[in-house]
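Participant: test case, fold it:
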Amino acid sequence: MALWLLQAGFHARATLNILRPLCHSPSGLDAIRKRREMAVRYPMAVGLKKGHPVTKNVTKPRHSRRRGRLTKHSKFVRDMIREVCGFAPYERRAMELLKVSKDKRALKFIKKRVGTHIRAKRKREELSNILAALRKAAAKKE
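Facilitator: Here you go, the predicted structure:
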């Protein structure tokens, strides 16, 4: 009985406190059965889902989490600047390298200009997408 109470999630001291009065009373067996039925409903004191069951408080995501996300306005501004100013000299040279299938050389060149490997990969991908779009537009014209 004591082992069952411990397995059901009762602490050792609580188990002793439950069993001590029941051992000497005539209706002890009925009380033990009632405890056994009740113990199923109560939360476990040990294990994976231990503790009092509560509903989780759903919090709104913090404003700081949206840092770096592209907004409609900033995308519009960047596209406008790209349309007016065109490409930087290093971007034009990288595009020339990409045209002659020198992808690795273009990556090394861009990395020297922008600083990090990940930014260089992103820039190379952007420029190759632009070249593909230009080729597609040229094919559509003809």
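
Participant: residue ranges with poor pLDDT in the chain?
Facilitator: Residues of the chain that meet the criterion pLDDT under 70 lie in 1-43.

Participant: that one - how does it break down into domains?
Facilitator: For the chain, automatic domain parsing gives the domain ranges 2-41, 81-141.

Participant: so what secondary structure elements neighbour the lengthiest helix in the chain?
Facilitator: Ranked by residue count and defined by DSSP state H, the top helix of the chain is helix 117-141. Contact partners of helix 117-141 among helices and strands, from 3 or more Cβ pairs under 8 Å, 6 or more residues apart in numbering; DSSP states H and E: helix 89-99, helix 103-114. Yep, even glycine has a C-beta here, placed from its N, CA and C like the rest.

Participant: residue 56: which of those helices is closest?
Facilitator: The closest of the helices and strands packed on helix 117-141 to residue 56 is helix 103-114. By Cβ to Cβ, the value is 42.6 Å.

Participant: name the helices or strands packed onto the closest one?
Facilitator: Applying 3+ Cβ pairs under 8 Å, 6+ apart, one finds that helix 103-114 contacts helix 89-99, helix 117-141.

Participant: which residues are contacting that helix?
Facilitator: With Cβ atoms under 8 Å, 6 or more residues apart in numbering as the test, helix 103-114 has contacts from 90, 93-94, 97-98, 117, 119-121, 123-124, 127-128.

Participant: what's the answer for stretch 82-92, then?
Facilitator: By Cβ under 8 Å, 6+ apart, the surrounding residues in contact with stretch 82-92 are 95, 109-110, 113, 123, 127.

Participant: quick revisit: point out the most buried one among the helices and strands packed on helix 103-114.
Facilitator: The highest average neighbour count among these, using mean count of other Cβ atoms under 10 Å, belongs to helix 89-99 at a mean of 16.
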